[in-house]
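**Q** Quick one: sequence plus predicted model below, questions after.
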Amino acid sequence: MATTKKTAAKETAPAKETAAKTTTKKTEETAAKKTEETAAKKTAAKKTETAAKKAPAKKAPAKKAAPKKVAPKKPAAVETKVNFFVEFGGVQVSVDEVVKNIKTTIGKDAKEISVYLKPDESKAYFVADGEAAEMDVFFC
């Protein structure tokens, strides 16, 4: 009988080691699963936070602005062609021609020209960029 007791003792020792190994493996597997679950929860939490940050912008109802009143279109500015003549003694002189002669008299383009035309004297008095001068105007 002594032999059977020893055999039983030998058999129980490996069984305890196998049980310990199985328990260790189960513990490692459980720990690995928990780690995976934790990582999955963290990832899901990050996605939820990101979605939550974006969601208020999407969920907030946009206030509809009142329809804008469209002003009626103004016609484009049209430059008006003016033909202006001065008549004296039955003879006409175009104002454009007088201005052209003033520009040739001063010898340069002026930013501002003021003209005083006196047909009875046949003269045009003018001020071009602050310089006063006079010119003969012939009514032909």
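**A** That came through, no problem.

**Q** And the residue nearest to Phe84 when sequence neighbours are not counted, how close does it get to Val86?
**A** Once flanking residues are discounted, Phe84 sits nearest to Val95: 4.2 Å by C-beta to C-beta, 6 or more residues apart in numbering. For every residue, glycine as well, the C-beta is placed using N, CA and C. Separation of Val95 from Val86 (C-beta to C-beta, to the nearest Å): 7 Å.

**Q** Same check on Lys74?
**A** With C-beta to C-beta as the criterion, Lys74 and Val86 are 34 Å apart.

**Q** neighbour-wise, which of the two wins?
**A** Val86 (15 against 6; other C-beta atoms under 10 Å).

**Q** Report the beta-bridge partner residues of that one.
**A** Judged by DSSP bridges, the bridge partners of Val86 are Val93.

**Q** residue contacts, it?
**A** Contact analysis of Val86 by C-beta atoms under 8 Å, 6 or more residues apart in numbering lists 92-93, 95, 98, 117, 119.

**Q** Turn the buried ones among these into a named ChimeraX selection, would you?
**A** For the buried members of the contacts of Val86, the matching ChimeraX selection, counting by 16 or more other C-beta atoms under 10 Å, is:
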select :93,98,117
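
**Q** Need the contacts of Val86 in JSON lines (columns: pLDDT and distance to Met135).
**A** Shown next, in JSON lines, are these (pLDDT from 0 to 100; distance: C-beta to C-beta, whole Å):
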{"residue": "Gln92", "pLDDT": "89", "distance to Met135": "18"}
{"residue": "Val93", "pLDDT": "90", "distance to Met135": "12"}
{"residue": "Val95", "pLDDT": "89", "distance to Met135": "13"}
{"residue": "Val98", "pLDDT": "90", "distance to Met135": "8"}
{"residue": "Leu117", "pLDDT": "91", "distance to Met135": "10"}
{"residue": "Pro119", "pLDDT": "88", "distance to Met135": "13"}
